[in-house]
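**Q** I would like the atomic coordinates for the input below:
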Amino acid sequence: KNMAAKVYSTTWILVVGLCFLRPTAGDPSPYQAVLIEPWCDNSIRLRIRPKSSTQGPKAGSVYTDLPSGLLPTCTSGNSETLSQTPGISRLVSSGSLTGTVHPDGTAVLGHAVTGQRLLTVTPPMFNPNSEAPGYSSMSLNIKSGGAGTVFGMGELEGTSALGGCDGNGSTSYALPLARNKQTVDLDSHKFHVSIPFALSTFGFAVVLNTPGLGTVTFSDYGDISVNMTMQMQMDLWITTGSQKPFVLQDIYKQYADAVGHSPTMPGFGLKFWQSRLRYRNQTIVENIASGFAERGISLGALVVDFMNQAIDGDFHLNPACFPNVSEMAAFVKQKTGAELMVSIWPDIDKGSASYSDLMNSGCLSGTSGFNIDPTTAACRDKIWNTYVKPNYLDKGARGYWLDESDIVDLSPPLPWSKPTDPRPPKEFAGRMWVNTWIQTFADGLKNASEEGLILTRGVWLGGAKYGPVLWSSDIFSTFSELQAQLAEGVSTSLSGIPWWATDVGGFGCPMSPYPNNSTYMRELIVRWYQFGSLSPIFRTHGCRQGMAEPLPVDSPCIASQGKKPQGPQGSCGPNEVWSYGNETEAILTKIINFRNVYLKPFLETLATEVAETGAPTMRPMWYNFPDDQGSWEPACNCEKDQFMLGNDLLVAPVLAQGVTQRSVYLPGDLATVWTDLDVNGGNSGKTYKGGQRIMVDAPLEKLPLFQRVW
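**A** Model prediction:
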């Protein structure tokens, strides 16, 4: 039980390298290899390959080159491999984390400083798949050493029907941040982007390093049960704090070391992004830019939404609608300071400019409807260098909206496979596709020495190293949907994806149910702007009621390939600050200027912290105040309606209709001092001690916001 005493009171034989077990002759073990090794500070990686995994040239050892969210290597500053009696067990230490693996596959991990047994991984069970030789279903249990609350697992939201904004009347609600008694589907769809990272308050975090499909179930006690559909081996990464187990700064730094640190968000990405469905031609885009310039509002990005190509797969804006992209991008930049962002779907139609080239190069998947296949470096290079760079980046478009990126499940080829071999089943590593699609743009920008923006509807473990912004998909324009966003954003950040946004105002589904001049919509848009301005990324988008800029009925910009988006003439109504009446415009303008002027330096500091330390952007109260019992649920009763942005800003938005006063919990103790802020960057001069709940006024024009000053 006392791991520390056990390690340091026994004479051990030092073995340089790692612990690698092979069953001896006549061994009834179902495994052909077990590998446990230090992997980053205070962290261990454990892989177990069953005898049923017969593919590949490395029989008798674990696979070391399967699709993975972990970086290829991660050194530990204080680690060693220690060997007990041969054939009985193996023990590895990495800083404060020790791991013992027994021949039957049981692994026990403990904290060397405190002596706690943190968790036990039971022997995984593999059931060979008769229809897919070499693959097996896999189940395993991770038993917590004590009761713990589990957080993470991605951007998760409850709905009454899968598919998100699908027009079937499904409603949305915020899931509790604690995953205990929840089952998480490892697939991805609208409203749901799973990231297989689980943080336990008992003092450890676990990564399930497989981009396959399956489920993870959490018990009330904090145990974890994993069931995977089709795998070749088990691959877990476990980490803990240094001097004591539950040190969040240690855990998140080591997590980022293992999967890759997020790059620093460019300064223009921290400003306000303007979008709607949809700006159909160059004249409209330039008029919108002029409208913001006339009001003295700067932007970070101005977005050209989907169906902007003549044919999906042309990889350039339709010249009949956008005759001079370079001129348009320069105009937008000069007027508003914004970068031009374009929507790029992964769909490739047969008649498009890229179809034959990409098909002949093996860079498409599908048999009738085709999707881009970026899972090989050759295809990523071709897509970027042949199409994206010359047609977008070189013409001034430095933002890329990778819509529909949560719906493609395509496993990359196995490292030993031949070009003619069939792809592995999507159940094996289909979640890897989205990271390689994001990587196409991230690597291209990096190689061109350019800063840019990548907006995506999907991402997987380790995708943060490419710097994408994940947004919460097509969501309803209702207060109930707004309420669901806060916990969703916090969970995303706790899962290792720091840059997150919503469609401020809601998307509409398929169109906002309330006209822009209605009392409901005006209140909703103000409250959503307030929440969005304190989110990591502040971006509005949506399909509003009303008529957009009229075009001639025969304009090629109304539809694309005969497909006409929702709304009159293929566009929804206006979604700019001046679209909701003069009084609302004045409030929204102040909010945007508050973000762009007052908050931007703070956000730039936060972006540096995130890049260097792996810290989340949006945090529950307990992240910064773990010793304040009042900051934990259920005492706080605040995880759904307030959050910390970085170390010092407490955001308490109004998320319900008709509310003009609300309760706020100020975490900390009597030595903690808070002051309130307003949208002009000032404060009332009042100060408040931590560890108390207060009532604050919140008229429509006010966002309850507090800054820690001590």
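**Q** Next, please give the residue ranges for the strands of the stretch 351-500 of the chain.
**A** Along the stretch 351-500 of the chain, counting by DSSP state E, counting those that start in this stretch, strands occupy 364-365, 370-372, 397-402, 453-456, 469-471, 500-501.
**Q** elements contacting the third one?
**A** So the one you mean is strand 397-402. Applying 3 or more Cβ pairs under 8 Å, 6 or more residues apart in numbering; DSSP states H and E, one finds that strand 397-402 makes contact with strand 301-304, strand 339-343, helix 432-447, strand 453-456. C-beta here means a position set from N, CA and C on the backbone, and glycine is covered the same way.
**Q** Go through the ones you listed and name the closest to residue 260.
**A** Minimum separation from residue 260 across the helices and strands packed on strand 397-402 (Cβ to Cβ) falls at helix 432-447, 10.3 Å.
**Q** how big is the angle separating the closest one from strand 397-402?
**A** Orientation check (axes from the mean of the first three to the mean of the last three Cα atoms, to 10 degrees): helix 432-447 against strand 397-402 gives 170 degrees.
**Q** what distance separates helix 432-447 from the centre of its chain?
**A** Taking the mean of its C-alpha atoms, helix 432-447 sits 15 Å from the chain's own mean (Cα atoms, centre = their mean, to the nearest Å).
**Q** what does stretch 553-560 give?
**A** Put simply, stretch 553-560 sits 35 Å off its chain's centre (Cα atoms, centre = their mean).
**Q** what's the closest non-adjacent residue to residue 631?
**A** Among residues not flanking residue 631 along the chain, residue 621 sits closest, at 3.6 Å (Cβ to Cβ, 6 or more residues apart in numbering).
**Q** thinking again about what came up before, can the strands of the stretch 351-500 of the chain go into CSV with extra columns for mean neighbour count, distance to residue 222 and mean pLDDT?
**A** Conversion of these to CSV gives the following (neighbours: other Cβ atoms under 10 Å; distance: least, Cβ to Cβ, whole Å; pLDDT from 0 to 100):
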stretch, mean neighbour count, distance to residue 222, mean pLDDT
strand 364-365, 19, 39, 94
strand 370-372, 22, 39, 93
strand 397-402, 24, 35, 98
strand 453-456, 26, 31, 98
strand 469-471, 27, 26, 97
strand 500-501, 24, 26, 98
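**Q** Export the ones you listed as CSV, with columns for distance to residue 121.
**A** Below are these laid out as CSV (distance: least, Cβ to Cβ, whole Å):
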stretch, distance to residue 121
strand 364-365, 35
strand 370-372, 36
strand 397-402, 35
strand 453-456, 32
strand 469-471, 30
strand 500-501, 31
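**Q** Check the spacing between the residue nearest to residue 702 when sequence neighbours are not counted and residue 530 real quick.
**A** Closest residue to residue 702 apart from its sequence neighbours, by Cβ to Cβ, 6+ apart: residue 678 at 7.2 Å. Applying Cβ to Cβ, to the nearest Å, the value for residue 678 to residue 530 is 12 Å.
**Q** Compare neighbour counts for the two and give me the winner.
**A** Taking other Cβ atoms under 10 Å, residue 678 and residue 530 do not tie; residue 530 has more neighbours (26 against 15).
**Q** quick one, what contacts the residue positioned nearest the centre of the chain?
**A** With distances taken as Cα atoms, centre = their mean, residue 497 lies nearest the centre of the chain, 3.8 Å away. Listed by Cβ atoms under 8 Å, 6 or more residues apart in numbering, the contact partners of residue 497 are 154, 155, 195, 459, 463, 464, 468, 470.
**Q** name the element the first one belongs to?
**A** This means residue 154. Secondary structure from DSSP states H and E places residue 154 in strand 150-156.
**Q** Tabulate the CA atom coordinates of that strand in PDB.
**A** The C-alpha coordinates for strand 150-156 follow below in PDB (Å, rounded to 0.1, in the frame of the first residue of the first chain):
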ATOM      1  CA  VAL A 150     -14.000  12.900 -13.000                       C
ATOM      2  CA  PHE A 151     -13.900  15.700 -15.500                       C
ATOM      3  CA  GLY A 152     -13.000  16.200 -19.200                       C
ATOM      4  CA  MET A 153     -13.900  14.000 -22.200                       C
ATOM      5  CA  GLY A 154     -14.500  16.800 -24.600                       C
ATOM      6  CA  GLU A 155     -17.300  19.100 -25.800                       C
ATOM      7  CA  LEU A 156     -20.400  17.300 -24.600                       C
END
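**Q** Packing partners of that strand?
**A** In terms of contacts (3+ Cβ pairs under 8 Å, 6+ apart), strand 150-156 is packed against strand 183-185, strand 192-200, helix 479-494.
**Q** outside of that strand, which residues touch it?
**A** Under the criterion Cβ under 8 Å, 6+ apart, residues 175, 177-180, 184, 191-201, 205, 216, 218, 222, 224, 470, 472, 488-489, 491-492, 494-497, 500 lie in contact with strand 150-156.
**Q** What average pLDDT does that strand get?
**A** Mean per-residue pLDDT for strand 150-156: 96.
**Q** So for that strand, what gets flagged as buried?
**A** By neighbour count with 16 or more other Cβ atoms under 10 Å, strand 150-156 contains the buried residues 150, 151, 152, 153, 154, 155, 156.
**Q** Format these as TSV; extra columns: distance to residue 289.
**A** As requested, those are arranged in TSV below (distance: Cβ to Cβ, whole Å):
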residue	distance to residue 289
150	46
151	41
152	40
153	40
154	35
155	31
156	36
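**Q** hang on, residue 594 packs against residue 530?
**A** No - in this structure, residue 594 is not within contact of residue 530 by Cβ atoms under 8 Å, at 9.5 Å.
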